[in-house]
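In: fold the following, please.
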Amino acid sequence: MPLLLNCDLGESFGSWTMGMDAAVMPHIDQANIACSFHAGDPLIMTRTLELAKEHGVRIGAHPAYPDLVGFGRRSMNCSADEIKAMIMYQTSALGGMAQSTGLSLEYVKPHGALYNDMMARESVRHAIMEAIASFHLPIRLMLQATPQAELHRQEAQERGIELYFEAFADRCYDDDGKLLSRTQPGAVHSKEKMLAQVKQLNEQGTITTVSGHTLPLVADTLCVHGDNMEGVQAIEAIRKLIQS
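Out: The predicted model follows:
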């Protein structure tokens with residue numbers, strides 16, 4: 001199956017505008033919609049859902065730590081019960097609004113620090129999985145595709161949920177399959193390297209690491225960014241590439 005394209009959207013707040021949602025939506029398959037803990041508000045959520053419905057885009061909740069000032073990029077020391085409750089709260093909010101718009105919520109993709117903590121800490125990942133398993137409708141969890149994919153799949157199966165494995169179009173990978181830290185040179189690809197990585201991943205199911213090794217990477221969906229016109233143009237180029 002060709003790679004799906006997913007993008008974080010609905011991240012405006014009040015009179016503050018973030019991203020180019022209307023320009024991005026026609027070119028993606030999955031919209032990860034902010035649920036007001038790191039960005040977004042009820043009106044923005046409504047407008048983003050309506051935009052997704054107009055373009056036939058699948059919708060997912062994009063929950064975060066309660067960190068509006070820090071845009072959800074700061075880790076918080078939360079208990080498993082707190083994590084389960086915040087995931088359920090945000091997912092239920094978007095899921096209810098989606099249902100009222102004539103849409104069905106399909107998955108959850110945690111945002112920012114919560115996503116990073118999920119990948120690094122088993123306790124956080126299990127709490128998120130358990131929250132999703134207890135949701136009143138069957139929904140998937142989106143998490144990073146890594147060499148530990150089989151372990152993550154087994155964890156999900158034990159809880160009766162399915163996964164979307166996500167790769168990143170514009171990020172360089174280190175030799176153990178993790179994203180190279182943004183503090184390192186070359187962590188974010190140029191447009192040319194980004195398109196080469198997408199082509200390799202789509203056709204061969206592999207990526208080339210920072211040191212030049214070839215690493216298998218099984219991914220269902222590709223994260224793209226539409227924060228500016230250059231990003232939107234990159235998404236258009238990626239879409240053409242994976243459909244060719």
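
In: for the rest of this, base every contact and every neighbour count on C-alpha atoms.
Out: Noted.

In: and stretch 26-38, which residues are buried?
Out: Going by neighbour count (16 or more other C-alpha atoms under 10 Å), the buried part of stretch 26-38 is His27, Ile28, Asp29, Gln30, Ala31, Asn32, Ile33, Ala34, Cys35, Ser36, Phe37, His38.

In: with stretch 137-144 instead?
Out: For stretch 137-144, burial by neighbour count (16+ other C-alpha under 10 Å) applies to Ile139, Arg140, Leu141, Met142, Leu143, Gln144.

In: keep only those of those residues that are in strands.
Out: Mapping the buried residues of stretch 137-144 onto strands (DSSP state E) picks out Arg140, Leu141, Met142, Leu143, Gln144.

In: hang on, the third one packs against Ile161?
Out: No. Checked against C-alpha atoms under 8 Å, the pair Met142 and Ile161 is beyond contact range at 10.9 Å.

In: remind me what the helix or strand hosting Ala237 packs against, helices and strands.
Out: If you go by DSSP states H and E, Ala237 is part of helix 229-243. Under the contact definition 3 or more C-alpha pairs under 8 Å, 6 or more residues apart in numbering; DSSP states H and E, helix 229-243 sits against helix 21-24, helix 191-204.

In: gap between the longest helix seen in the chain and the chain center?
Out: The single longest helix within the chain, with elements called by DSSP state H, is helix 80-100. How far helix 80-100 lies from its chain's middle: 16 Å, per C-alpha atoms, centre = their mean, to the nearest Å.

In: and if you look at stretch 3-13?
Out: 7 Å.

In: can you check stretch 108-126 too?
Out: The answer for stretch 108-126 is 11 Å, by C-alpha atoms, centre = their mean.

In: show the pLDDT at the residue nearest the centre of the chain.
Out: Centroid-nearest residue in the chain, with C-alpha atoms, centre = their mean: Lys109, separated by 4.8 Å. Lys109 is assigned a predicted lDDT (pLDDT) of 98.

In: ok, now which ones touch it?
Out: Applying C-alpha atoms under 8 Å, 6 or more residues apart in numbering, we find Lys109 in contact with Asn32, Gly60, Ala61, His62, Pro63, Tyr115, Leu141, Met142, Leu143.

In: distance to Leu94 and pLDDT for those residues - can I get that in a markdown table?
Out: Output for those, formatted as a markdown table (distance: C-alpha to C-alpha, whole Å; pLDDT from 0 to 100):
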| residue | distance to Leu94 | pLDDT |
| --- | --- | --- |
| Asn32 | 11 | 98 |
| Gly60 | 8 | 98 |
| Ala61 | 6 | 98 |
| His62 | 9 | 98 |
| Pro63 | 10 | 98 |
| Tyr115 | 18 | 96 |
| Leu141 | 15 | 98 |
| Met142 | 16 | 98 |
| Leu143 | 19 | 97 |
